[in-house]
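[1] Pasting the sequence and the predicted coordinates here, then a few questions.
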Amino acid sequence: MVASESGRGEWSLAAARFARETDRLVECAAFYREIVGLTELFAFEDHAGYSGFVFGLPDASAQLELVRREGAPPPAPPGPEHAVVLYLRSGFARLRARLADHGVAEVIPDNPYWVAAGAFAVLDPEGWMLIVVPEVAGGVRIEEFIGDRAEIAWSFRMAEDSEQALAGYIGRGRVWVARNDSGAVVGHIQAAPGAGESTWEIVNTAVAEPVRGTGVGRRLIDRVVAVATDAGVRRLEVATATADVGNLRFYQRCGFRMTRVVPDVFTAAAGYAEEIVVDGIRLRDQVWFTRLL
């Protein structure tokens, strides 16, 4: 809502506080303070029957208040649009990892806008949605790539060491790219129908070194999840090398689970160099992951 011309200049805003009733005051306060990492500005107890905690968003100019009145009935369950939305200036990937490390599972918001914006969502102890929107620095956007894939083959090669293998699949399925604010491609993801019914396989994905660790890879995964879900796909699969410790961690944090190991995939017969070492481990075997949608 925009203020009318006649009202401008008659008042100015010093601060704003969003107050929310909760029946799980201590648990919710601990979630936002100790797990999310919001700054607790102050707390109060039995103030005319009310107790609560006030957090800065990110400082005292915008505040989240969790409050409970002694003897009040439990509040109505939150609906799908009841949410606290945090727009980050930095640290998107670190906060996402922090929540995952605390065992906080992600959920998909009903409103598709948030997935398209690259955000992720979790539920707090009372079921309110916390939506975290990535920093806009760098201006990375995700879009489907419809051009000649030879133009971005360099990105595929960041994740593929065999020209023989790459030639066999680069034309499969659909490809989405991440572009920075100048329009340059800084990452991609390729997905195609898999072996099983209602299954897609993430065939190849990579992110350029300068933007790794900023959430671009997760946003690419989220885009495929969103598109696959809309298409009625029930299962996503992806394979990586057992030697790639970073990928093993990444896919599990993206909600995938290991299903099988295939030995001796990365061999000279398949076009790979005789001796490739990743994270101090010889490249030989392949591990498959699955995520149910």
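    Noted; the coordinates are in hand.
[2] Can you identify the element that follows the helix or strand bottoming out on mean pLDDT in the chain toward the C-terminus?
    Lowest by mean pLDDT, DSSP states H and E among the helices and strands of the chain is helix 112-116, with a mean of 71. Scanning forward in sequence from helix 112-116, with DSSP states H and E defining helices and strands, the next element found is strand 120-123.
[3] which other helices and strands contact that following strand?
    Secondary structure elements in contact with strand 120-123, counted by 3 or more Cβ pairs under 8 Å, 6 or more residues apart in numbering; DSSP states H and E, are strand 106-107, strand 129-133. The C-beta positions use only the backbone N, C-alpha and C, and glycine is treated the same way.
[4] Provide the strand pairings for that strand, with the direction of each partner.
    strand 106-107 (antiparallel), strand 129-133 (antiparallel) (DSSP bridges).
[5] So for Leu293, which of those strands sits nearest?
    Between Leu293 and the strands paired with strand 120-123, the shortest gap by Cβ to Cβ is with strand 106-107, which sits at 12.8 Å.
[6] contacts for the closest one?
    Contacts of strand 106-107 from elsewhere in the structure, counted by Cβ atoms under 8 Å, 6 or more residues apart in numbering, are 99-100, 120-123, 129, 255.
[7] Now rank those by neighbours and give me the top one.
    Among those, the one with the most neighbours (other Cβ atoms under 10 Å) is Phe120, at 24 neighbours.
[8] looking at the sheet around it, what are its partners?
    For Phe120, the residues forming beta bridges with it (DSSP bridges) are Val132.
[9] so where is the stretch 1-150 of the chain shaky, pLDDT-wise?
    Segments of the stretch 1-150 of the chain classed as low confidence (criterion: pLDDT under 70) are 1-12, 113, 116-117, 135-139.
[10] which stretches of it form strands?
    When secondary structure is read from DSSP state E, counting those that start in this stretch, the stretch 1-150 of the chain shows strands at 16-21, 39-47, 50-56, 62-69, 83-87, 106-107, 120-123, 129-133, 141-145.
[11] For these, give me TSV that also has distance to Thr229.
    Converted to TSV, those look like this (distance: least, Cβ to Cβ, whole Å):
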stretch	distance to Thr229
strand 16-21	30
strand 39-47	36
strand 50-56	33
strand 62-69	30
strand 83-87	20
strand 106-107	13
strand 120-123	14
strand 129-133	18
strand 141-145	16
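[12] The helix or strand where Ile202 lies pairs with which strands, parallel or anti?
    For Ile202, the element it lies in under DSSP H and E is strand 199-207. The pairing partners recorded for strand 199-207 under DSSP bridges are strand 185-193 (antiparallel), strand 235-241 (parallel).
[13] continuing past it, what's the next helix or strand?
    Moving toward the C-terminus from strand 199-207, the next helix or strand (DSSP H and E) is helix 216-230.
[14] deepest of the helices and strands packed on strand 120-123, which one?
    strand 129-133 (a mean of 20; mean count of other Cβ atoms under 10 Å).
[15] With just CA atoms, put stretch 219-232 into CSV.
    Presented in CSV, the C-alpha positions along stretch 219-232 are these (Å, rounded to 0.1, in the frame of the first residue of the first chain):
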residue,chain,number,x,y,z
ARG,A,219,18.8,-22.3,-6.2
LEU,A,220,19.5,-24.4,-9.4
ILE,A,221,18.3,-27.6,-7.5
ASP,A,222,15.3,-25.7,-6.2
ARG,A,223,14.3,-24.7,-9.7
VAL,A,224,14.4,-28.3,-11.0
VAL,A,225,12.4,-29.4,-8.0
ALA,A,226,9.7,-26.8,-8.7
VAL,A,227,9.5,-27.5,-12.4
ALA,A,228,9.5,-31.3,-11.8
THR,A,229,6.8,-31.0,-9.2
ASP,A,230,4.6,-29.0,-11.5
ALA,A,231,5.1,-31.7,-14.2
GLY,A,232,3.9,-34.4,-11.9
